[in-house]
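*Asks:* need the 3D shape of this:
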Amino acid sequence: MSRILVPLARGFEEIESVSIIDVLRRAEIEVLVTSLDEESSVQGAHGIVIQTDFLMKDISSETLDMIVLPGGWDGTLALADDANVQRILKEMDAKGKNIAAICAAPYALQKAGVLKGEYTCYPSVEDEINKEGFQGDTAMVVESQNIITSRGPATAICFALSIVKKLQGKKQFETLKSELLASYCQG
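*Replies:* Here you go, the predicted structure:
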């Protein structure tokens, strides 16, 4: 079973986080939801509080198959400034492990030096990232080497399904896509 880390920081985007966690768990992927702080719960950008499973400081990249960063500007800035998140991003990229980020979170990937090739993100965040390869709205999800990026809240289901496809194949992707009535997701 694949094991994915989803770190949450205060100000995370709730739609993205819950969609990612839910879709991946429906695919029977083990999802570790972590908090950056010593708290066992984290408040999102719109006041929704999520209970986490672990603290970020207790996670090792050795046990992970992938890390997925949800967006939300305040949450993204915290992910970009967190030493543990940045360390895990670098370690995973060095080993060619999969990394994904949605909305503003590709900014945290750029700060870690792991964003490469083509990418997409929330409109205007590309100015903060300041890197060639921005694909704008040409695709809801962009995959470049071991990195998957997506635009924002409305693309969260397709983003999560793309992760399922990457880890479990097209058959599982198609099954979940059908169950979720997500015919608009390309694959």
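*Asks:* from here on, contacts and neighbour counts on C-alpha atoms
*Replies:* Will do.
*Asks:* and the nearest residue to Ser2 once chain neighbours are set aside, how many neighbours?
*Replies:* Using C-alpha to C-alpha, 6 or more residues apart in numbering and skipping the chain neighbours, the partner closest in space to Ser2 is Ile29 (5.4 Å). Ile29: 18 surrounding residues under other C-alpha atoms under 10 Å.
*Asks:* tell me the pLDDT of Leu109.
*Replies:* At Leu109, the model reports a pLDDT of 98.
*Asks:* I figured Asn84 hits Ser60, correct?
*Replies:* No: at 9.3 Å, Asn84 and Ser60 do not qualify as touching, with contact defined as C-alpha atoms under 8 Å.
*Asks:* neighbour count: the two, which is higher?
*Replies:* Neighbour count, other C-alpha under 10 Å: between Asn84 and Ser60, Asn84 has more, with 17 against 13.
*Asks:* what strand or helix carries the more buried one?
*Replies:* helix 83-94 (DSSP states H and E).
*Asks:* and what of Ser17?
*Replies:* Using DSSP H and E, the element containing Ser17 is helix 14-26.
*Asks:* tell me what that helix is packed against?
*Replies:* Secondary-structure packing of helix 14-26 (3 or more C-alpha pairs under 8 Å, 6 or more residues apart in numbering; DSSP states H and E): strand 30-35, helix 156-168.
*Asks:* quick one: which of these is nearest Pro7?
*Replies:* In terms of C-alpha to C-alpha, the element of those nearest to Pro7 is strand 30-35, at 4.6 Å.
*Asks:* cool, thanks, talk later.
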